[in-house]
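Asks: attaching a predicted model along with its sequence, questions to come.
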Amino acid sequence: MNVKLGEQKRNPLLKREEIQCIFEHPGRATPSRKEMLPDLEKILKTKKDLIIIDKIFSVKGKGESKAHVLVYKKKEDIPKEKLEKMQRRMEKKAKVKKPPEEEKPAGPEKPEEIKKEVPKEESEEKKGETEEEKAKEKEQKVGKAEEKHEGAKGEKAEEEAKEEGERK
């Protein structure tokens, strides 16, 4: 991944430097913040802890993304909200990769949820039957549609034959 530094602004009031970066990633998806941090650390010659990737914009039609990066001198200067937001965003990406765990609601079951328990084998057989029944119904519908189509063709041919006979 190739990184180019763009516009740089000093913001002494907020004790940070605001930088526009362009990440080139041809043939790949937009890189995550975790993938961007090591490259920014090398180019900006600062620690990962002092870099906040505020926003990432993908450029349509090109393999590049623009990022708005905030660089602080001290960790104490970073607003708590910005730091928490960055951590949440990086955690979201990690959670997405893991398969979600099934959660059961706590508390007593509702009367609608109480059902007669059926052994797995029986329920699978019933499930298979319904799928087979659905397939048969679909075949029947297709067959009826084809018959109607064929019938319409036949009627059309008869009408054309009558018209030809009348013309002669």
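Replies: In hand now; what should we look at?
Asks: ranges for the strands of this protein?
Replies: For the chain, strands defined by DSSP state E occupy the ranges 2-11, 16-24, 51-59, 64-72.
Asks: possible to save those as JSON lines with mean pLDDT?
Replies: Formatted as JSON lines, those follow (pLDDT from 0 to 100):
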{"stretch": "strand 2-11", "mean pLDDT": "91"}
{"stretch": "strand 16-24", "mean pLDDT": "93"}
{"stretch": "strand 51-59", "mean pLDDT": "91"}
{"stretch": "strand 64-72", "mean pLDDT": "93"}
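Asks: can you list those strands in CSV and add distance to K45 and mean neighbour count?
Replies: For the C-beta atoms, the positions are set from N, CA and C on the backbone; glycine is no exception. As requested, the strands of the chain are arranged in CSV below (distance: least, Cβ to Cβ, whole Å; neighbours: other Cβ atoms under 10 Å):
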stretch, distance to K45, mean neighbour count
strand 2-11, 12, 12
strand 16-24, 12, 18
strand 51-59, 11, 16
strand 64-72, 10, 19
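Asks: out of those, which is closest to A135?
Replies: For those, the distance to A135 is smallest for strand 51-59, at 43.0 Å, taking Cβ to Cβ.
Asks: can I get the CA coordinates of that closest one in PDB?
Replies: The C-alpha trace of strand 51-59 is given here as PDB (Å, rounded to 0.1, in the frame of the first residue of the first chain):
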ATOM      1  CA  ILE A  51      -2.400   9.000  15.600                       C
ATOM      2  CA  ILE A  52      -6.200   9.100  15.100                       C
ATOM      3  CA  ILE A  53      -7.600   8.200  11.700                       C
ATOM      4  CA  ASP A  54     -10.700  10.400  11.800                       C
ATOM      5  CA  LYS A  55     -12.400   9.600   8.500                       C
ATOM      6  CA  ILE A  56     -11.700   7.500   5.400                       C
ATOM      7  CA  PHE A  57     -13.200   8.300   2.000                       C
ATOM      8  CA  SER A  58     -13.000   5.800  -0.800                       C
ATOM      9  CA  VAL A  59     -12.500   7.300  -4.300                       C
END
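Asks: okay, domains of this structure per the record?
Replies: The chain breaks down into these structural domains: 2-97, 139-168 (assignment by automatic domain parsing).
Asks: possible to save the ones you listed as CSV with distance to E131?
Replies: Listed next are the domains of the chain as CSV, based on distance: least, Cβ to Cβ, whole Å:
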stretch, distance to E131
domain 2-97, 32
domain 139-168, 13
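Asks: contacts only, for D77.
Replies: When the contact criterion is Cβ atoms under 8 Å, 6 or more residues apart in numbering, the partners of D77 are L14, K15, R16.
Asks: just the pLDDT for it.
Replies: Residue-level confidence at D77 comes out at 88, pLDDT.
Asks: thanks again, I'm all set now.
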